[in-house]
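K.L.:
Sequence first, predicted coordinates after that:
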Amino acid sequence: MKKVVSLAGARPQFVKEAVVGAEARRRGAWEHVLVHSGQHYDANMSDIFFAELEMKQPDHFLGVGSGSHGAQTADVLAKFEVLLMREKPDTVLVYGDTNTTLAGALAAAKLKIPVAHVEAGIRQHPKDMPEEINRVLTDRISARLFCCSDLAARNLAGEGMTAGVTVPGDVMYDLYLKMAPRLAPDEARARLALDEGGYIVATIHRDFNTDDPKALAGILDGLNRAHRESGLEVLLPLHPRTRKRVAEFGLEDSLRHLRAVEPIGYLDLMSLTLHCAAAVTDSGGYQKEAYYAGKRAVVLMPDTGWRELTDAGWNLLCPPDAERIASAVAEALAPAPRPENIYGAGDAGERIVESLAE
Ligand code: UD1
């Protein structure tokens, strides 16, 4: 039987592994060995996903933790290489654009183990953002490139990559469809005393938004302004990185009128999204998940890999500027035609596993 080692380490990767790993096991497609790098380690950044999404516990834990980009990537690279030499898999599966992904792909490629990249072909500016560097390099050394959309496949073709490229769709859409019956928006709202349609869900964690005091202050001002102008509450689950920066830059006062809470798991986040008025985010995954839940998002980025949604006018790109954020939120509260059929049919996991099992 074939052996596949699957590597995950950060929140968006757990969500993707939940789909692909479950499908591989359901089919008995191969021996599925799950490795957790340890990039995310807080209970509400890691364990909660394994519990809620009924994931297999990792077979191996690398325990790399936080660090500078070089240190974190190097630590995964060194530890994962040792593990691969022992496990000798036929394929290594990596997800998305994190430091864990790049390190895993690099370790495998140097050992001549074929790499399969789920969520290949995403491209965005600025080209020096860590996630863009990670995904471009990972695509380059992957043998199998699984794309969420035709645009992603075209991006790869534009860079001369066509071999091994397929477009199964987005596994996060599969997950949304699978989890939809378990979402409980009324209960999630009641716990936070929020009214249906009476709040915005906001998430911020990108380095260019959190590590620059002017950008972070502009975003928090923008959320406060949107709150005042729209009368909506702003629910802000705070990534640990953002919480640290808010303290470091002395911006705690800007949280007084926002509903800042600890990071929340998949089920609560998606339940709350179902009843929100709109989303504001710099998360790659969440701007798409909001769309799956039928909500428009103001995307706090200079550019996005999910251009299908911004080109269609559903999601709105916005700089970290208070006035622009407030007006983008006002725009996102208006109805818009929802683009359809861009990220597959909800069977991306099946198609990836079928294709890799061959
Ligand atoms: C990483 C990914 C990003 C993804 C995001 C999802 C990279 C380069 N970026 O960004 O693509 O969208 O995960 O959340 O890989 N921290 C904790 N506890 C944790 C995890 C992190 O306190 O469990 C704090 C640490 O101070 C750490 C900081 O958050 O230094 C940043 O974490 P890190 O994993 O380096 O990057 P993310 O911003 O989470």
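P.N.:
Received the coordinates, thanks. This is a predicted model, so every value here is computed, not measured.

K.L.:
near the ligand, which residues of the stretch 151-300 of the chain show up?
P.N.:
205, 240-241, 244, 283-284 (C-beta under 6 Å from any ligand atom). C-beta coordinates here come from the backbone N, C-alpha and C atoms, glycine included.

K.L.:
Could you report the neighbour count for V92?
P.N.:
27 (other C-beta atoms under 10 Å).

K.L.:
Helix or strand next in line after the strand or helix carrying it, which one?
P.N.:
If you go by DSSP states H and E, V92 is part of strand 91-95. Toward the C-terminal end, the helix or strand that comes next after strand 91-95 (DSSP H and E) is helix 99-110.

K.L.:
Now that following helix: buried residues?
P.N.:
By neighbour count on 16 or more other C-beta atoms under 10 Å, the buried set for helix 99-110 is 99-109.

K.L.:
what about the strands in the stretch 51-200 of the chain?
P.N.:
Under the criterion DSSP state E, counting those that start in this stretch, the stretch 51-200 of the chain carries strands at the ranges 60-61, 91-95, 115-120, 144-147, 165-166, 199-203.

K.L.:
what lines up beside the first one in the sheet?
P.N.:
If you go by DSSP bridges, strand 60-61 pairs up with strand 31-36 (parallel).

K.L.:
neighbouring contacts of the stretch of helix or strand L216 belongs to?
P.N.:
Using DSSP H and E, L216 falls within helix 213-230. Residues outside helix 213-230 that contact it (C-beta atoms under 8 Å, 6 or more residues apart in numbering): 200, 202, 204, 208-210, 232-234, 236, 242, 245-246, 249, 251, 254-255, 257-258, 277, 280, 300, 319-326, 329-330, 333.

K.L.:
Helices - which of these land there?
P.N.:
Among the contacts of helix 213-230, the members falling in helices (DSSP state H) are 208-210, 242, 245-246, 322-326, 329-330.

K.L.:
hmm, back to that, is it possible to get the strands of the stretch 51-200 of the chain out as CSV so that each row also shows mean pLDDT?
P.N.:
Listed next are the strands of the stretch 51-200 of the chain as CSV, based on pLDDT from 0 to 100:
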stretch, mean pLDDT
strand 60-61, 98
strand 91-95, 98
strand 115-120, 98
strand 144-147, 98
strand 165-166, 98
strand 199-203, 98
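
K.L.:
Make CSV out of these and add distance to I342.
P.N.:
Formatted as CSV, the strands of the stretch 51-200 of the chain follow (distance: least, C-beta to C-beta, whole Å):
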stretch, distance to I342
strand 60-61, 35
strand 91-95, 20
strand 115-120, 14
strand 144-147, 12
strand 165-166, 16
strand 199-203, 22
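
K.L.:
Which among those strands is found nearest to K3?
P.N.:
strand 91-95 (8.0 Å; C-beta to C-beta).

K.L.:
what angle do the closest one and strand 31-36 make?
P.N.:
Angle between the axes of strand 91-95 and strand 31-36 is 40 degrees (criterion: axes from the mean of the first three to the mean of the last three C-alpha atoms, to 10 degrees).

K.L.:
what number of residues lie near D195?
P.N.:
Look at D195: counted by other C-beta under 10 Å, it has 11 neighbours.

K.L.:
List the residues that contact it.
P.N.:
Contacts of D195 by C-beta under 8 Å, 6+ apart are R189.

K.L.:
Need phi/psi at it.
P.N.:
With angles defined as degrees, to the nearest 10, D195 sits at phi -90, psi 150.

K.L.:
Can you give me the distance of it to the ligand?
P.N.:
Counting by C-beta to the nearest ligand atom, to the nearest Å, the separation of D195 from the ligand is 28 Å.

K.L.:
got it, and P181?
P.N.:
Here the distance between P181 and the ligand works out to 26 Å (C-beta to the nearest ligand atom).

K.L.:
what pLDDT does that residue get?
P.N.:
pLDDT recorded at P181 is 98.

K.L.:
burial of it, as a residue count?
P.N.:
Residues near P181, counting by other C-beta under 10 Å: 7.

K.L.:
With the one 3 residues further on instead?
P.N.:
A count of nearby residues for A184, using other C-beta under 10 Å, gives 15.

K.L.:
Contacts only, for the residue lying closest to it once chain neighbours are set aside.
P.N.:
Distances taken as C-beta to C-beta, 6 or more residues apart in numbering place S271 nearest to A184, at 5.4 Å, with adjacent residues excluded. Listed by C-beta under 8 Å, 6+ apart, the contact set of S271 reads 183-185, 187-189.

K.L.:
what are the phi and psi angles of S271?
P.N.:
S271 adopts backbone torsions of phi -60, psi -50, taken as degrees, to the nearest 10.
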